[in-house]
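**Student:** coords please:
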Amino acid sequence: MFQKNVGTTDRVIRVIIGLGLIGFAWSSVLWWLAVIGAAVLVTGLVGWCGLYALLGISTCKIDK
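**Tutor:** Down below sits the predicted model:
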């Protein structure tokens, strides 16, 4: 459906940061931080970022 635009390194970083934000939000009861963390986590797991698509950015290596 969507062409992946998030590379492997970017995905790993997003998953780590997303989990960190969710964990921090859980411990400090900042629900809005958990929402941001969830969005970052999902883009890392799926490999597609809507903002990257709008800006025409891709960190995903394409084999030719």
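
**Student:** what are the boundaries of the helices in the protein?
**Tutor:** 8-28, 31-46, 50-55 (DSSP state H).

**Student:** quick check: the gap between the residue lying closest to residue 43 once chain neighbours are set aside and residue 39.
**Tutor:** Once flanking residues are discounted, residue 43 sits nearest to residue 49: 4.6 Å by C-beta to C-beta, 6 or more residues apart in numbering. Every residue, glycine included, has its C-beta placed from N, CA and C. Distance of residue 49 to residue 39, given as C-beta to C-beta, to the nearest Å: 10 Å.

**Student:** make sure residue 7 is actually in contact with residue 52.
**Tutor:** No. The criterion here is C-beta atoms under 8 Å, and residue 7 misses it with residue 52 at 10.2 Å.

**Student:** overlap in contacts, these two.
**Tutor:** Counting by C-beta atoms under 8 Å, 6 or more residues apart in numbering, the residues touching both residue 7 and residue 52 are 58, 59.

**Student:** burial of residue 14, as a residue count?
**Tutor:** Using other C-beta atoms under 10 Å, residue 14 has 21 neighbouring residues.

**Student:** and for the one 10 residues further on?
**Tutor:** Other residues within reach of residue 24 by the criterion other C-beta under 10 Å amount to 13.

**Student:** same question, residue 62
**Tutor:** By the criterion of other C-beta under 10 Å, residue 62 has 9 neighbours.

**Student:** please consider this matter closed, and thank you.
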